[in-house]
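>>> Just the structure for this:
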Amino acid sequence: MKKRAFIPVLLAGLVWMGSSHAADPFERYKALFKPLPAIPPIPANNTQTPAKVELGKMLFFDARLSSDGNIACATCHNPALGYTDRVSRAIGHGAQRGPRNSPTVLNAAFLSSQFWDGRAPNLETQALGPLQAAVEHNTTLEKAVATLKSFPEYQKRFSESFAEKDPITAENLAKAIAAFERTLITPHSPFDRYLAGDEQALSLQQKQGMKYFVEKGCVGCHSGPNFTDGQFHAIKVPGSTDEGRYLVTKKDSDKHAFRTQTLRNVALTYPYFNNGSVWKLDEAVKIMGKEMLKTDLKPNEVDDLVAFLHSLTGEMPKFTIPALP
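Next comes the predicted model:
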């Protein structure tokens, strides 16, 4: 795997840094991380406005955009469940079981691509996918737009959000949902507070877990403020035959490869992996150690890593569920 070459260089750097941080044995590891920004990147063609965000929130919760009126974005991305659904694979139209686990929307605004296989380059493109998927909303963009146009309140809201003669379009529907999703950021986790200088924000066990996270090589793929490199890696997942990124690129090298998932709020977003086959975080850590790092982690290492991962749970976005027209 390409990232493995990064680990020896990283560890060599840690040795060099050691002399300047002798007073704090964890400082050298802490210096490798950055806190989650309070504001995600905003595209120039979809500026954030309060009206647009509120409209996007309404659309996110409106099941009438699905063909049977039962499926909303929030069905699989429930705020009470870490913006996931806590089932192995998503359940959509007609109680059909989808092919993959529902990833969290929390901090998705920082991702370089969307979906497990990265087939959508941004939140706007992603927002239109589930609407048209037979196993999810099972509708068409034309029907979704027609539904919205049938409500005077939505006509008013779209006009307030988009300065166009005919503002209710599929493109603007996607922009509104994406604008709302860019507010779903979880800063100020214990780890972020630790990075900001609060030494008491992490326990000794969590700091030890951070050390293992670096030394064992987890940081090779789970890097950056959002703990993902945005790249695609093949991993042997229990019970999965999903060809992953290959279905998008048709490159043999992408078979069974999936985008590195963010570890932010990972303690809340179980079950894990593309097929949701693993329900316990410690079991997921052991599998990643064996399959990606080619090592059998010791029980104390697993415990410390899990404790560290719990420190990545941030403050949940505060909002009220919207009243729909």
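>>> Strands of the stretch 101-250 of the chain, residue ranges please.
232-234 (DSSP state E, counting those that start in this stretch).
>>> For it, which segments count as helices?
For the stretch 101-250 of the chain, the helices defined by DSSP state H, counting those that start in this stretch cover 123-132, 141-149, 152-161, 170-181, 190-195, 204-215, 246-249.
>>> Please identify the most buried of those.
Comparing the helices of the stretch 101-250 of the chain by mean neighbour count (mean count of other Cβ atoms under 10 Å), helix 170-181 comes out on top with a mean of 24. C-beta: built from backbone N, CA, C; applies to glycine.
>>> Can you list the helices and strands that that helix packs against?
helix 50-61, helix 123-132, helix 141-149, helix 152-161 (3 or more Cβ pairs under 8 Å, 6 or more residues apart in numbering; DSSP states H and E).
>>> Using PDB, write out the CA atom coordinates for it.
Written as PDB, here are the backbone C-alpha positions of helix 170-181 (Å, rounded to 0.1, in the frame of the first residue of the first chain):
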ATOM      1  CA  ALA A 170     -32.800  20.200  -9.000                       C
ATOM      2  CA  GLU A 171     -29.600  22.100  -8.900                       C
ATOM      3  CA  ASN A 172     -30.900  24.500  -6.300                       C
ATOM      4  CA  LEU A 173     -32.400  21.700  -4.300                       C
ATOM      5  CA  ALA A 174     -29.000  20.100  -4.100                       C
ATOM      6  CA  LYS A 175     -27.400  23.400  -3.300                       C
ATOM      7  CA  ALA A 176     -29.800  24.000  -0.400                       C
ATOM      8  CA  ILE A 177     -29.200  20.500   1.100                       C
ATOM      9  CA  ALA A 178     -25.500  20.900   0.700                       C
ATOM     10  CA  ALA A 179     -25.600  24.300   2.500                       C
ATOM     11  CA  PHE A 180     -27.400  22.700   5.400                       C
ATOM     12  CA  GLU A 181     -24.900  19.800   5.500                       C
END
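>>> any chance of the helices of the stretch 101-250 of the chain in a markdown table, plus mean pLDDT and distance to residue 233?
Below are those laid out as a markdown table (pLDDT from 0 to 100; distance: least, Cβ to Cβ, whole Å):
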| stretch | mean pLDDT | distance to residue 233 |
| --- | --- | --- |
| helix 123-132 | 98 | 21 |
| helix 141-149 | 98 | 33 |
| helix 152-161 | 98 | 38 |
| helix 170-181 | 99 | 25 |
| helix 190-195 | 98 | 23 |
| helix 204-215 | 98 | 17 |
| helix 246-249 | 97 | 13 |
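>>> Indicate which one of those is closest to residue 312.
helix 190-195 (5.4 Å; Cβ to Cβ).
>>> Contacts for that closest one, please.
Helix 190-195 is contacted by residues 30, 33-36, 201-202, 206, 210, 308, 311-314 when judged by Cβ atoms under 8 Å, 6 or more residues apart in numbering.
>>> Might you calculate how far it sits from the centre of the chain?
Between the centre of helix 190-195 and the centre of its chain there are 19 Å (Cα atoms, centre = their mean, to the nearest Å).
>>> Sort out which residues of stretch 313-325 are buried, please.
Neighbour-count burial for stretch 313-325 flags 313-314, 316, 322 (criterion: 16 or more other Cβ atoms under 10 Å).
>>> average model confidence for it?
In this model, stretch 313-325 has a mean pLDDT of 94.
>>> Kindly report the same for stretch 276-291.
Mean predicted lDDT for stretch 276-291 stands at 98.
>>> now stretch 219-226
For stretch 219-226, mean pLDDT is 97.
>>> quick one: terminal-to-terminal distance for it?
Using Cα to Cα, to the nearest Å, the end-to-end distance of stretch 219-226 comes to 11 Å.
>>> Repeat that for stretch 28-42.
With Cα to Cα, one end of stretch 28-42 sits 32 Å from the other.
>>> List the buried residues in it.
Buried residues in stretch 28-42, counted by 16+ other Cβ under 10 Å: 28-30, 33, 35-36, 40.
>>> give me the element the residue nearest to residue 222 when sequence neighbours are not counted is part of.
Nearest-residue entry for residue 222: residue 263, 5.2 Å, with adjacent residues in sequence omitted and distances by Cβ to Cβ, 6 or more residues apart in numbering. For residue 263, there is no enclosing helix or strand under DSSP states H and E.
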